[in-house]
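Peer 1: Coordinates for the following, if possible.
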Amino acid sequence: MLAAAAVICSGSLLSGNGSLTAFAKTQQKSFLTEYDEETLESFKDNTLEYWEIPGLIQEYNPEFKSRQASFEYAPDSSMGLTKEQLLSIAAGLRTEAEELKKTAEEDKDGLSKKEYDNSLANVRVLKAKAQELEDAAKGRSASGAASIRSMRLLKEQLIKEAREQMKNTKLLEKEEEIARNGVRIAELSLDSAKLKKELGLYAKEQELDAKRSLDSAKAAEASAASAYQDARQSLIRLCGWSYDASPVIGEIPKPNLSVISGFNPETDAEKAIENNMCIFDTRMTASAQQGGADAKARTLKTQENEVRSKLSFLYQSILQKKAAYDAAEIKFDVNRSEKEAAERKNALGMLSEAEYLQAENDWLLANKTMDQAVYELTSAIEEYEWALQGLLQLDTTVQTSQTSMQ
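Peer 2: Numbers count the residues shown, from 1 in each chain. Below is the predicted model of the structure:
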């Protein structure tokens, strides 16, 4: 009966135009899905928004979908079935066990001792499996709980990876734009060098220097374009698009600065400790497997102290990134004023093309610096929030006596 729950499944992908592939349309909503139909439908457009990343990972990331399929439908895990289905299967196994035991007792005189013992062993296996399914239905399955935590951790790791990749992609996009502008500046410099050489104001070597600068600028542009495309492709595949898709990559919002005032590592530590998955595993592992009650208590104390230390470090990182963000914002405002002044001068014909391009280049660099400050502060805040949710990875993990013997 359990075998009927097994389903062959793989990660669904978005097609190049943003619509779901035929396979994806056949998939039923996962029991882990936390999005309503309207939100799920919004994921199917051809735009990747920052806020959509958790949903895109959950619904379309190939690695997560593959693990999810195994988790939900593998017969041994029993996690793809409802409570009623689990209890129904358990009842069937218990009935089968009772019938097998009754048959063995009735035929005992005609069976060898080995055959009789094998029958009783099968009865015990059936009852044990029935108990396992009943425990799972009532939420008492340790392996099921561990599997759920494993799935959640994988999902959060993929979300983190995709978010960082999106930030990196947006920065590389700016670098490509800067490099492209650099080529235009180098082209104007070469044109100027050629003209001055014709007028006898430049020597041949100066023209060659300008030519080498242009070659270097073109190489930098090609390298920046390649890095951007690689990062972009990695990002969209993480979020479930096919390799040849071309979705629009949306902007990354500025961080919510108001949440920082609510962070306090001294008081938040208790929540981070209570939710921490590594500490939960230590609590749930028998003392005998950890070298005794005293060893388990020491491990828990070490882990709790590690959470407090790391949470304090994450908070200090937020404060440092916030200071860098504030400084970048002040400088950005100055650069914006300079850019507006350059726009006015250019409109009045007071700047040469080369001077205007240089002002444009300064503005692009200021944009990149500001974006980098935004992304780093956003990442720092997210790291702290993940720690509060129990996703802080600890260096000290539970050591069982069995592991120590290996």
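Peer 1: switch to C-alpha atoms for all contacts and neighbour counts from now on
Peer 2: Noted.
Peer 1: all helices for the chain, in order.
Peer 2: According to DSSP state H, the chain carries its helices in the segments 22-25, 37-42, 53-60, 62-73, 83-106, 113-137, 142-198, 204-238, 265-275, 277-284, 293-347, 353-388, 401-405.
Peer 1: got CSV for those, with mean neighbour count and distance to residue 257 too?
Peer 2: CSV is the format used below for the helices of the chain (neighbours: other C-alpha atoms under 10 Å; distance: least, C-alpha to C-alpha, whole Å):
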stretch, mean neighbour count, distance to residue 257
helix 22-25, 13, 38
helix 37-42, 11, 26
helix 53-60, 22, 21
helix 62-73, 20, 31
helix 83-106, 17, 43
helix 113-137, 17, 42
helix 142-198, 18, 18
helix 204-238, 18, 26
helix 265-275, 17, 17
helix 277-284, 18, 28
helix 293-347, 17, 9
helix 353-388, 20, 9
helix 401-405, 10, 45
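Peer 1: Would you mind saying which of the ones you listed lies nearest residue 395?
Peer 2: Comparing the helices of the chain by their distance to residue 395 (C-alpha to C-alpha), the top pick is helix 293-347, with 8.1 Å.
Peer 1: Give the other helices and strands that that closest one contacts.
Peer 2: Applying 3 or more C-alpha pairs under 8 Å, 6 or more residues apart in numbering; DSSP states H and E, one finds that helix 293-347 makes contact with helix 265-275, helix 277-284, helix 353-388.
Peer 1: May I have stretch 126-134 as CSV, with CA atoms only?
Peer 2: Output of stretch 126-134 as CSV, limited to C-alpha atoms (Å, rounded to 0.1, in the frame of the first residue of the first chain):
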residue,chain,number,x,y,z
LEU,A,126,4.4,-5.2,10.3
LYS,A,127,3.4,-4.0,13.8
ALA,A,128,6.6,-1.9,14.1
LYS,A,129,5.8,-0.2,10.7
ALA,A,130,2.2,0.4,11.8
GLN,A,131,3.5,2.0,15.0
GLU,A,132,5.8,4.2,13.0
LEU,A,133,3.0,5.4,10.7
GLU,A,134,0.8,6.1,13.8
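Peer 1: Just give the nearest non-adjacent residue to residue 314, would you?
Peer 2: Closest residue to residue 314 in three dimensions, ignoring its sequence neighbours and counting by C-alpha to C-alpha, 6 or more residues apart in numbering: residue 384, at 5.9 Å.
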